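**Q** quick check, what structure comes out for this input:
(one chain, ligands or ions: 1)
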Amino acid sequence: MAEGIERAKFDSQQMAAVNQAVGVAEELVSNFYKFSNSQMRQLNYDVKTASQLAPHEIVEDHFAQIVRYHAQKRDSLLETDAADFYLICLQDHAILAAVERFSQLRLYPFMVYIVCHELIHVVRFRRFLQHFHVPADERQLEEIRVHHATREMLKKANIEAMEPVFTFYGKWQEAFEQMDEIMVNQDDAT
Ligand SMILES: [Zn+2]
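**A** Just a heads-up that it's a prediction; the model follows:
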């Protein structure tokens, strides 16, 4: 990636909304999965924004990406002592561009959605419901499932201006409904 590209970053007012959204998203995810505080800590993740990201943690066309790091205990030869750490890398420039482009979209509810979505990915990696590296078609199916779970979680949360966010992600919900149809059809066939 070319160095020296100036990408938009959250200003201090936007950072306040982002931090608030991260806190609310963590609470929603914790409640949804009925996690205790220690279970929440075991997810072993962090959330960072552009000003804290290394060049390889920045992507152009996603709102966030998860980078997995391996931490291994010193002096240990056992693979089982390795602990994965998930870094949720928020892509300020892409998020701000979307908020600017879609006038209905507000930063705060959009951020709650994005962070909930990424945390659900982390939960599913931790539960081995999903491998970190998968082929593109499997990744697409997982995206559909995670968008659906995010929507289910947020429907009950009663967050202001969330409806335009659901509209923004409407194609994922359509894909989920089509996926259900495909599964029903397969059942019919057997
Ligand atoms: Zn995703």
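
**Q** contacting residues for the residue nearest the centre of the chain?
**A** Geometric centre of the chain, nearest residue: Glu118, 1.6 Å, by CA atoms, centre = their mean. Contacts for Glu118 (CB atoms under 8 Å, 6 or more residues apart in numbering) come out as Val47, Ala64, Ile66, Ile88. Just so you know, the C-beta spots here come from the backbone N, C-alpha and C atoms, and that holds for glycine as well.

**Q** at 6 Å instead, please
**A** Residues in contact with Glu118 (CB atoms under 6 Å, 6 or more residues apart in numbering) are Ala64, Ile88.

**Q** following the helix or strand containing it, which helix or strand comes up?
**A** Using DSSP states H and E, Glu118 sits within helix 107-126. Next helix or strand after helix 107-126 toward the C-terminus (DSSP H and E): helix 136-155.

**Q** got the CA positions of that following helix in PDB?
**A** This file holds the C-alpha atoms of helix 136-155, laid out as PDB (Å, rounded to 0.1, in the frame of the first residue of the first chain):
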ATOM      1  CA  ALA A 136     -14.400 -17.000  -0.100                       C
ATOM      2  CA  ASP A 137     -17.800 -18.700  -0.500                       C
ATOM      3  CA  GLU A 138     -17.800 -19.900   3.100                       C
ATOM      4  CA  ARG A 139     -16.700 -16.400   4.200                       C
ATOM      5  CA  GLN A 140     -19.700 -15.000   2.400                       C
ATOM      6  CA  LEU A 141     -22.100 -17.400   4.100                       C
ATOM      7  CA  GLU A 142     -20.600 -16.500   7.500                       C
ATOM      8  CA  GLU A 143     -21.100 -12.800   6.600                       C
ATOM      9  CA  ILE A 144     -24.800 -13.400   6.000                       C
ATOM     10  CA  ARG A 145     -25.100 -15.300   9.300                       C
ATOM     11  CA  VAL A 146     -23.300 -12.600  11.300                       C
ATOM     12  CA  HIS A 147     -25.300  -9.700   9.700                       C
ATOM     13  CA  HIS A 148     -28.500 -11.600  10.600                       C
ATOM     14  CA  ALA A 149     -27.300 -12.100  14.200                       C
ATOM     15  CA  THR A 150     -26.300  -8.500  14.500                       C
ATOM     16  CA  ARG A 151     -29.800  -7.400  13.300                       C
ATOM     17  CA  GLU A 152     -31.500  -9.800  15.800                       C
ATOM     18  CA  MET A 153     -29.400  -8.400  18.600                       C
ATOM     19  CA  LEU A 154     -30.000  -4.800  17.700                       C
ATOM     20  CA  LYS A 155     -33.700  -5.100  16.900                       C
END
